[in-house]
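Novice: missing the sequence, but the structure's below:
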(Lines give C-alpha, C1' and ligand atoms only; values in the text may rest on other atoms or scores of the structure.)
Protein backbone atom coordinates (compact mmCIF):
# COMPACT_ATOMS: atom_id res chain seq x y z
CA UNK A 1 0.00 0.00 0.00
CA UNK A 2 1.77 3.07 -1.22
CA UNK A 3 0.99 6.56 -0.06
CA UNK A 4 -0.40 7.49 -3.47
CA UNK A 5 -3.03 4.74 -3.60
CA UNK A 6 -3.95 5.42 0.00
CA UNK A 7 -4.48 9.08 -0.80
CA UNK A 8 -6.47 8.20 -3.91
CA UNK A 9 -8.77 5.84 -2.02
CA UNK A 10 -9.23 8.42 0.74
CA UNK A 11 -10.22 11.08 -1.79
CA UNK A 12 -12.64 8.75 -3.56
CA UNK A 13 -14.25 7.71 -0.28
CA UNK A 14 -14.63 11.36 0.72
CA UNK A 15 -16.32 12.13 -2.60
CA UNK A 16 -18.71 9.22 -1.97
CA UNK A 17 -19.41 10.43 1.54
CA UNK A 18 -20.10 13.94 0.19
CA UNK A 19 -22.78 12.54 -2.11
CA UNK A 20 -24.43 10.86 0.85
CA UNK A 21 -24.22 14.13 2.80
CA UNK A 22 -25.75 16.03 -0.12
CA UNK A 23 -28.53 13.44 -0.25
CA UNK A 24 -29.28 14.17 3.39
CA UNK A 25 -29.31 17.93 2.80
CA UNK A 26 -31.69 17.33 -0.10
CA UNK A 27 -33.94 15.38 2.22
CA UNK A 28 -34.21 18.51 4.32
CA UNK A 29 -34.53 21.00 1.47
CA UNK A 30 -37.10 19.41 -0.80
CA UNK A 31 -40.84 19.78 -0.31
CA UNK A 32 -42.73 16.57 -0.82
CA UNK A 33 -42.21 12.86 -0.50
CA UNK A 34 -41.21 12.26 -4.14
CA UNK A 35 -38.68 15.07 -4.33
CA UNK A 36 -37.14 13.82 -1.10
CA UNK A 37 -36.92 10.30 -2.43
CA UNK A 38 -35.03 11.57 -5.45
CA UNK A 39 -32.36 12.84 -3.08
CA UNK A 40 -32.40 10.20 -0.37
CA UNK A 41 -33.00 7.09 -2.42
CA UNK A 42 -30.63 7.54 -5.29
CA UNK A 43 -27.87 9.98 -4.43
CA UNK A 44 -27.03 7.92 -1.37
CA UNK A 45 -26.81 4.75 -3.50
CA UNK A 46 -24.42 6.56 -5.80
CA UNK A 47 -22.41 7.67 -2.77
CA UNK A 48 -22.28 4.10 -1.47
CA UNK A 49 -21.00 2.77 -4.80
CA UNK A 50 -18.26 5.41 -4.88
CA UNK A 51 -17.25 4.58 -1.30
CA UNK A 52 -17.08 0.90 -2.29
CA UNK A 53 -14.78 1.77 -5.21
CA UNK A 54 -12.54 3.70 -2.82
CA UNK A 55 -12.49 0.74 -0.45
CA UNK A 56 -11.56 -1.60 -3.31
CA UNK A 57 -8.48 0.52 -4.01
CA UNK A 58 -7.59 0.44 -0.34
CA UNK A 59 -8.11 -3.37 -0.01
CA UNK A 60 -7.18 -4.78 -3.39
CA UNK A 61 -7.09 -8.49 -2.42
CA UNK A 62 -9.40 -10.55 -4.62
CA UNK A 63 -11.59 -11.72 -1.73
CA UNK A 64 -12.18 -8.17 -0.53
CA UNK A 65 -12.87 -6.82 -4.00
CA UNK A 66 -15.43 -9.57 -4.65
CA UNK A 67 -17.13 -8.95 -1.32
CA UNK A 68 -17.25 -5.18 -1.90
CA UNK A 69 -18.56 -5.87 -5.39
CA UNK A 70 -21.37 -7.86 -3.81
CA UNK A 71 -22.18 -4.91 -1.55
CA UNK A 72 -22.43 -2.51 -4.49
CA UNK A 73 -24.33 -4.95 -6.72
CA UNK A 74 -26.90 -5.86 -4.08
CA UNK A 75 -27.50 -2.21 -3.23
CA UNK A 76 -27.92 -1.26 -6.89
CA UNK A 77 -30.25 -4.19 -7.54
CA UNK A 78 -32.46 -3.89 -4.45
CA UNK A 79 -32.72 -0.16 -3.77
CA UNK A 80 -34.73 0.73 -6.93
CA UNK A 81 -37.28 -1.95 -5.99
CA UNK A 82 -37.65 -0.42 -2.54
CA UNK A 83 -37.77 3.12 -3.90
CA UNK A 84 -40.46 2.15 -6.38
CA UNK A 85 -42.59 0.41 -3.75
CA UNK A 86 -42.44 3.33 -1.31
CA UNK A 87 -43.18 5.83 -4.09
CA UNK A 88 -46.09 3.74 -5.35
CA UNK A 89 -47.53 3.43 -1.86
CA UNK A 90 -47.28 7.21 -1.40
CA UNK A 91 -48.81 7.89 -4.82
CA UNK A 92 -51.69 5.47 -4.39
CA UNK A 93 -52.52 6.64 -0.89
CA UNK A 94 -52.98 10.14 -2.32
CA UNK A 95 -50.22 11.81 -0.39
CA UNK A 96 -50.07 15.59 -0.48
CA UNK A 97 -47.88 16.70 -3.36
CA UNK A 98 -45.92 19.88 -3.77
CA UNK A 99 -48.17 22.62 -5.20
CA UNK A 100 -45.91 23.02 -8.18
CA UNK A 101 -46.39 19.45 -9.34
CA UNK A 102 -47.72 19.22 -12.88
CA UNK A 103 -49.43 16.26 -14.50
CA UNK A 104 -50.01 15.29 -18.07
CA UNK A 105 -53.53 14.10 -18.94
CA UNK A 106 -52.91 10.39 -18.39
CA UNK A 107 -51.25 10.76 -15.02
CA UNK A 108 -53.88 13.29 -13.87
CA UNK A 109 -56.49 10.69 -14.75
CA UNK A 110 -54.57 8.03 -12.83
CA UNK A 111 -54.14 10.32 -9.85
CA UNK A 112 -57.83 11.15 -9.75
CA UNK A 113 -58.69 7.46 -9.87
CA UNK A 114 -57.00 6.76 -6.56
CA UNK B 1 -32.96 -25.59 -19.52
CA UNK B 2 -29.78 -23.69 -18.83
CA UNK B 3 -31.67 -20.93 -17.04
CA UNK B 4 -33.39 -23.54 -14.84
CA UNK B 5 -30.09 -24.42 -13.22
CA UNK B 6 -28.49 -21.01 -13.59
CA UNK B 7 -30.48 -19.31 -10.86
CA UNK B 8 -29.92 -21.95 -8.14
CA UNK B 9 -26.25 -22.18 -9.16
CA UNK B 10 -25.73 -18.44 -8.65
CA UNK B 11 -27.48 -18.70 -5.28
CA UNK B 12 -25.22 -21.57 -4.16
CA UNK B 13 -22.09 -19.68 -5.23
CA UNK B 14 -23.25 -16.57 -3.39
CA UNK B 15 -24.08 -18.63 -0.29
CA UNK B 16 -20.65 -20.29 -0.23
CA UNK B 17 -18.96 -16.94 -0.86
CA UNK B 18 -20.78 -15.40 2.09
CA UNK B 19 -19.55 -18.18 4.38
CA UNK B 20 -16.03 -17.67 2.97
CA UNK B 21 -15.30 -21.41 2.99
CA UNK B 22 -15.83 -24.02 0.27
CA UNK B 23 -16.62 -26.87 2.64
CA UNK B 24 -19.02 -29.76 1.88
CA UNK B 25 -21.33 -28.58 4.65
CA UNK B 26 -21.56 -25.09 3.14
CA UNK B 27 -22.22 -26.45 -0.33
CA UNK B 28 -24.93 -28.82 0.93
CA UNK B 29 -26.65 -26.14 3.00
CA UNK B 30 -26.32 -23.76 0.02
CA UNK B 31 -28.09 -26.27 -2.24
CA UNK B 32 -30.88 -26.66 0.33
CA UNK B 33 -31.34 -22.88 0.64
CA UNK B 34 -31.21 -22.41 -3.15
CA UNK B 35 -33.81 -25.13 -3.66
CA UNK B 36 -36.02 -23.50 -1.05
CA UNK B 37 -35.70 -20.06 -2.68
CA UNK B 38 -36.43 -21.39 -6.17
CA UNK B 39 -39.40 -23.33 -4.82
CA UNK B 40 -40.80 -20.34 -2.91
CA UNK B 41 -40.21 -17.84 -5.74
CA UNK B 42 -40.66 -19.74 -9.00
CA UNK B 43 -39.56 -17.90 -12.14
CA UNK B 44 -42.34 -16.31 -14.16
CA UNK B 45 -43.05 -19.08 -16.65
CA UNK B 46 -45.59 -17.04 -18.61
CA UNK B 47 -42.97 -14.60 -19.83
CA UNK B 48 -41.56 -15.48 -23.24
CA UNK B 49 -37.97 -16.72 -23.21
CA UNK B 50 -35.23 -14.17 -23.67
CA UNK B 51 -31.94 -14.18 -25.44
CA UNK B 52 -29.36 -12.04 -23.71
CA UNK B 53 -27.12 -10.30 -26.22
CA UNK B 54 -23.91 -9.14 -24.53
CA UNK B 55 -22.91 -6.24 -26.80
CA UNK B 56 -26.31 -4.49 -26.83
CA UNK B 57 -26.60 -5.23 -23.11
CA UNK B 58 -23.29 -3.45 -22.51
CA UNK B 59 -24.57 -0.57 -24.58
CA UNK B 60 -27.71 -0.41 -22.45
CA UNK B 61 -25.62 -0.49 -19.26
CA UNK B 62 -23.24 2.18 -20.56
CA UNK B 63 -26.04 4.50 -21.65
CA UNK B 64 -27.84 4.19 -18.34
CA UNK B 65 -24.59 4.60 -16.38
CA UNK B 66 -23.80 7.85 -18.19
CA UNK B 67 -27.35 9.08 -17.53
CA UNK B 68 -27.11 8.06 -13.86
CA UNK B 69 -23.78 9.81 -13.28
CA UNK B 70 -24.93 12.97 -15.06
CA UNK B 71 -28.20 13.02 -13.13
CA UNK B 72 -26.38 12.53 -9.83
CA UNK B 73 -24.11 15.50 -10.48
CA UNK B 74 -27.10 17.59 -11.58
CA UNK B 75 -29.21 16.81 -8.51
CA UNK B 76 -26.23 17.25 -6.18
CA UNK B 77 -25.61 20.67 -7.73
CA UNK B 78 -29.29 21.47 -7.37
CA UNK B 79 -29.18 20.64 -3.66
CA UNK B 80 -26.08 22.65 -2.79
CA UNK B 81 -26.92 25.78 -4.79
CA UNK B 82 -29.54 28.09 -3.33
CA UNK B 83 -31.50 28.79 -6.52
CA UNK B 84 -34.52 26.59 -6.99
CA UNK B 85 -35.21 25.18 -10.42
CA UNK B 86 -37.28 22.29 -9.16
CA UNK B 87 -40.36 21.77 -11.29
CA UNK B 88 -41.98 18.54 -10.29
CA UNK B 89 -44.23 16.68 -12.65
CA UNK B 90 -45.66 13.27 -13.41
CA UNK B 91 -45.43 12.01 -16.97
CA UNK B 92 -47.19 8.92 -18.29
CA UNK B 93 -45.10 7.06 -20.84
CA UNK B 94 -46.58 4.31 -22.96
CA UNK B 95 -44.03 1.57 -23.63
CA UNK B 96 -43.94 -0.43 -26.81
CA UNK B 97 -43.25 -3.74 -25.13
CA UNK B 98 -44.99 -5.39 -22.20
CA UNK B 99 -42.38 -8.00 -21.44
CA UNK B 100 -41.70 -8.07 -17.67
CA UNK B 101 -37.91 -8.19 -18.10
CA UNK B 102 -37.90 -5.15 -20.40
CA UNK B 103 -40.18 -3.24 -18.02
CA UNK B 104 -37.90 -4.15 -15.12
CA UNK B 105 -34.73 -3.09 -16.93
CA UNK B 106 -36.20 0.22 -18.06
CA UNK B 107 -37.76 1.05 -14.69
CA UNK B 108 -34.56 0.13 -12.91
CA UNK B 109 -32.47 2.45 -15.05
CA UNK B 110 -35.02 5.26 -14.63
CA UNK B 111 -35.18 4.89 -10.85
CA UNK B 112 -31.40 4.73 -10.40
CA UNK B 113 -30.98 8.14 -12.00
CA UNK B 114 -31.88 10.88 -9.52
CA UNK B 115 -34.49 13.24 -10.86
CA UNK B 116 -36.57 10.54 -12.47
CA UNK B 117 -38.53 7.84 -10.70
CA UNK B 118 -41.16 5.33 -11.73
CA UNK B 119 -43.96 5.75 -9.22
CA UNK B 120 -46.57 3.51 -10.81
CA UNK B 121 -46.79 0.89 -13.52
CA UNK B 122 -50.02 0.19 -15.34
CA UNK B 123 -49.67 -3.27 -16.86
CA UNK B 124 -53.10 -2.97 -18.42
CA UNK B 125 -54.92 -5.95 -19.86
CA UNK B 126 -53.26 -8.57 -22.00
CA UNK B 127 -53.21 -6.51 -25.17
CA UNK B 128 -52.85 -3.04 -23.69
CA UNK B 129 -49.52 -1.29 -23.74
CA UNK B 130 -47.73 -0.90 -20.44
CA UNK B 131 -47.76 2.60 -19.02
CA UNK B 132 -45.03 3.89 -16.76
CA UNK B 133 -45.82 6.87 -14.54
CA UNK B 134 -42.57 8.74 -14.16
CA UNK B 135 -42.07 11.41 -11.52
CA UNK B 136 -39.61 14.04 -12.69
CA UNK B 137 -37.83 16.50 -10.44
CA UNK B 138 -36.84 19.04 -13.10
CA UNK B 139 -39.50 18.85 -15.73
CA UNK B 140 -38.60 20.83 -18.86
CA UNK B 141 -40.54 19.08 -21.55
CA UNK B 142 -42.91 16.14 -21.32
CA UNK B 143 -41.97 15.10 -24.84
CA UNK B 144 -38.29 14.96 -23.96
CA UNK B 145 -38.91 12.61 -21.02
CA UNK B 146 -41.00 10.32 -23.23
CA UNK B 147 -38.24 10.28 -25.85
CA UNK B 148 -35.61 9.37 -23.27
CA UNK B 149 -37.67 6.55 -21.80
CA UNK B 150 -38.50 5.12 -25.22
CA UNK B 151 -34.86 5.34 -26.24
CA UNK B 152 -33.93 3.42 -23.10
CA UNK B 153 -36.59 0.86 -23.92
CA UNK B 154 -35.27 0.40 -27.44
CA UNK B 155 -31.82 -0.30 -25.98
CA UNK B 156 -33.28 -2.73 -23.44
CA UNK B 157 -35.22 -4.51 -26.18
CA UNK B 158 -32.10 -4.84 -28.27
CA UNK B 159 -30.25 -6.24 -25.27
CA UNK B 160 -32.61 -9.05 -24.34
CA UNK B 161 -34.41 -10.04 -27.52
CA UNK B 162 -32.98 -11.69 -30.56
CA UNK B 163 -33.58 -9.64 -33.69
CA UNK B 164 -36.56 -11.60 -35.00
CA UNK B 165 -38.37 -11.45 -31.73
CA UNK B 166 -37.66 -7.78 -31.19
CA UNK B 167 -39.49 -7.12 -34.45
CA UNK B 168 -42.41 -9.24 -33.30
CA UNK B 169 -42.42 -7.52 -29.93
CA UNK B 170 -42.69 -4.03 -31.32
CA UNK B 171 -45.04 -5.25 -34.05
CA UNK B 172 -47.77 -6.98 -32.10
CA UNK B 173 -48.45 -5.47 -28.72
CA UNK B 174 -45.21 -6.48 -27.13
CA UNK B 175 -44.94 -10.13 -28.12
CA UNK B 176 -47.25 -11.66 -25.55
CA UNK B 177 -47.25 -15.36 -26.41
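Specialist: Sure thing, it's come through. Being a predicted model, the structure only gives us computed values, none of them experimental.
Novice: and residue A:62, how many residues sit next to it?
Specialist: Using other CB atoms under 10 Å in any protein chain shown, the number of residues around residue A:62 comes to 7. Every residue, glycine included, has its C-beta placed from N, CA and C.
Novice: what does the one 10 residues further on give?
Specialist: For residue A:72, the number of neighbouring residues by other CB under 10 Å comes to 18.
Novice: That one reaches residue A:52, doesn't it?
Specialist: Yes: the criterion here is CB atoms under 8 Å, and residue A:72 meets it with residue A:52 at 4.5 Å.
Novice: Give the helix, strand or coil label for residue B:21.
Specialist: What DSSP: H, G, I helix; E, B strand; the rest coil gives for residue B:21 is coil.
Novice: Then the one 4 residues further on?
Specialist: Put simply, residue B:25 is helix when judged by three-state DSSP.
Novice: What is the burial count for the residue of chain A found nearest chain B?
Specialist: Nearest to chain B, among the residues of chain A, is residue A:106, at 3.4 Å (CB to the nearest CB). Residues lying near residue A:106 (other CB under 10 Å) number 16.
Novice: so what's it up against?
Specialist: Counting by CB atoms under 8 Å, 6 or more residues apart in numbering or on different chains, residue A:106 makes contact with B:92, B:131, B:133.
Novice: go on, residue B:136?
Specialist: Residue B:136 makes contact with B:88-91, B:115-116, B:145 under the criterion CB under 8 Å, 6+ apart.
Novice: can you map out the helices along chain A?
Specialist: Taking DSSP state H, the helices of chain A run over residues A:3-29, A:33-37, A:44-58, A:62-92, A:105-113.
Novice: Residue B:31: which of the ones you listed is closest?
Specialist: helix A:62-92 (19.7 Å; CB to CB).
Novice: so how far is that closest one from its chain's centroid?
Specialist: 9 Å (CA atoms, centre = their mean, to the nearest Å).
Novice: what's the answer for stretch A:26-43, then?
Specialist: Relative to its chain's centre, stretch A:26-43 lies at 10 Å (CA atoms, centre = their mean).
Novice: Just the pLDDT at residue 29, thanks.
Specialist: No chain in the question, so chain A it is. Residue A:29 is assigned 81 on the pLDDT scale.
Novice: wrong one, I was asking about chain B
Specialist: Confidence score, pLDDT, at residue B:29: 93.
Novice: Surely it and residue B:16 touch.
Specialist: No: Residue B:29 lies out of contact with residue B:16 (CB under 8 Å); the separation is 9.2 Å.
Novice: circling back: would you mind giving the contacts of residue B:136 as a markdown table with pLDDT added?
Specialist: Output for these, formatted as a markdown table (pLDDT from 0 to 100):
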| residue | pLDDT |
| --- | --- |
| B:88 | 83 |
| B:89 | 85 |
| B:90 | 86 |
| B:91 | 87 |
| B:115 | 82 |
| B:116 | 87 |
| B:145 | 86 |
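Novice: With distance to chain A, secondary structure and neighbour count added, can I get those in a markdown table?
Specialist: What follows is those, written out as a markdown table (distance: CB to the nearest CB, whole Å; DSSP: H, G, I helix; E, B strand; the rest coil; neighbours: other CB atoms under 10 Å in any protein chain shown):
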| residue | distance to chain A | secondary structure | neighbour count |
| --- | --- | --- | --- |
| B:88 | 4 | coil | 22 |
| B:89 | 4 | strand | 19 |
| B:90 | 4 | strand | 25 |
| B:91 | 6 | strand | 23 |
| B:115 | 6 | coil | 24 |
| B:116 | 8 | strand | 24 |
| B:145 | 9 | helix | 20 |
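Novice: And those residues, which two are furthest apart?
Specialist: B:90 and B:115 (13.3 Å).
Novice: sorry, back to before: among the helices of chain A, which is nearest residue B:161?
Specialist: helix A:62-92 (21.6 Å).
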